[in-house]
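> here's a sequence, model it:
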Amino acid sequence: MAKLYFYYSAMNAGKSTVLLQSSYNYNERGMDTLLYCPSIDDRYGVGQITSRIGLTAKAHVIDQKFDIFEDVQQECAKNKNITCVLVDEAQFLNRAQVEQICRIVDELNIPVLCYGLRTDFQANPFEGSLYLLAWADNIVEVKTVCHCGKKASMNMRVDSKGNKVSHGEQIQIGGNDLYVATCRKHFNQGIANAK
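Okay, the predicted model is just below:
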């Protein structure tokens, strides 16, 4: 029976690496996968899933109007060997798209593995993450560490001097130049790095 999995973490935990490894594992056993990523995250090129350790793969591009269920259904009509759907940066999905992902699992009987952040730089949930946390069959934390060695669960946005940024748009695409994964204590204290 297919299930919906949500793998969440703070920034820089290796979610994209885990996604690409999962896809590789299916492919190695002769099973095809469908990979999706949001158009908004164009750091490495649109339609490209890239991990910090250098692994890459092409992916179908999702924008806010994209119907994932319809696309998967069409792809499965062309290729009966599709056995898993993987979604990178799933926090950027909207509620309707998470509902569509549930339909992929429930109606097409294909497992869906979603990878994303739980919260933004103000510790508020992203829309996609909120509904994935509510509706996923399995929720798995991908762990990373704060500069103090404790588990990092928060995403601190920082300015060019490393100071905590507390105001701004929820979505600002960036990597280590804009975000630091910290524990809750250092997030609340605004301490991005060990002194």
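
> so what's the nearest residue to Asp41 once chain neighbours are set aside up against?
Nearest residue to Asp41, sequence neighbours excluded (C-beta to C-beta, 6 or more residues apart in numbering): Glu89, at 5.1 Å. To be clear about C-beta, it is placed using only N, CA and C from the backbone, and glycine gets the same treatment. Counting by C-beta atoms under 8 Å, 6 or more residues apart in numbering, Glu89 makes contact with Cys37, Pro38, Asp41, Tyr115, Gly116, Leu117.

> in strands, which of the residues you listed appear?
When the contacts of Glu89 are checked against strands (DSSP state E), the matches are Cys37, Pro38, Tyr115, Gly116, Leu117.

> now which of the residues you listed would you call buried?
Cys37, Pro38, Tyr115, Gly116, Leu117 (16 or more other C-beta atoms under 10 Å).

> for the chain, name the helix or strand with the lowest mean pLDDT.
Ranked by mean pLDDT, DSSP states H and E, the weakest helix or strand in the chain is strand 48-50, scoring a mean of 82.

> out of the contacts of Glu89, flag the one nearest to Lys78.
The shortest approach to Lys78 among the contacts of Glu89 belongs to Cys37, at 20.2 Å (C-beta to C-beta).

> Gly168 touches Arg157, doesn't it?
Yes - checked against C-beta atoms under 8 Å, the pair Gly168 and Arg157 is within contact range at 7.2 Å.

> the two - which one has more neighbours?
In this view Gly168 and Arg157 are compared by other C-beta atoms under 10 Å, and Arg157 has more residues nearby, 20 against 11.

> am I right that that one sits in a helix?
No - under the criterion used here (DSSP: H, G, I helix; E, B strand; the rest coil), Arg157 is strand, not part of a helix.
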